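K.L.:
fold the stuff below for me.
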Amino acid sequence: MMTRALIRECSACKAELVKNEGCNKVTCRCRQTMCYVCRKPIEANYNHFCQHVREPGKPCIKCDKCSLWEQEVEDDVIQAAREAALNEIEAKEPNFVKSSIGPSLQPTAHQLAESPIEWPHPQFPLQFEFNQQNFAGDPAILQHEFL
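P.N.:
Below is the predicted model of the structure:
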């Protein structure tokens, strides 16, 4: 699923960029180099990124530079963007997030009382008894023997 949270914008030409593989040093078609992690323009070298050896997936304990190879999890980015948007809306309109839009997904007690579920359902009986009345008018079925 593609969302705006996954798209980066070039600081020079405003082209939209999405990285699907490779390191976090991204070069736009206008030749602007940027960091995919922090979204800032960087020099054409790798000095912006952490050069320390560390365990994969663990943060560096020697510096706070961006990781060259660490990949973001798309679902985490989308969830963070969703939470940020909800927090922003809630700050402006405190009751907005609490209000529901559309019908409730859960049936109310009143709805359940009005339409009780019959079991077995009259249209779908649990057993089927074979007799000639069930297949009246269909000679092809009546020719077969049933055990």
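K.L.:
okay, CA-based contacts and neighbour counts for the rest of this
P.N.:
Noted.
K.L.:
I'd like to know how far the closest residue to Glu74 other than its chain neighbours sits from Cys28.
P.N.:
Here the nearest residue to Glu74 in space, its sequence neighbours aside, is Leu6; by Cα to Cα, 6 or more residues apart in numbering that works out to 7.1 Å. Summarising the geometry, the distance separating Leu6 from Cys28, computed by Cα to Cα, to the nearest Å, is 16 Å.
K.L.:
list the contacts for the residue nearest to Glu74?
P.N.:
The contact partners of Leu6, by Cα atoms under 8 Å, 6 or more residues apart in numbering, come to Val18, Glu74, Val77, Ile78.
K.L.:
pLDDT value on it, please?
P.N.:
pLDDT recorded at Leu6 is 79.
K.L.:
for it, give its distance to Ala15.
P.N.:
When Cα to Cα is applied, the distance between Leu6 and Ala15 equals 14 Å.
K.L.:
quick revisit: so among the contacts of Leu6, where is pLDDT lowest?
P.N.:
Sorting the contacts of Leu6 by confidence puts Glu74 at the bottom, with a pLDDT of 75.
K.L.:
any idea how far that one lies from Ala81?
P.N.:
Here the criterion is Cα to Cα. By it, Glu74 lies 11 Å from Ala81.
K.L.:
and Val26, by the same measure?
P.N.:
When distance is defined by Cα to Cα, Val26 is 22 Å away from Ala81.
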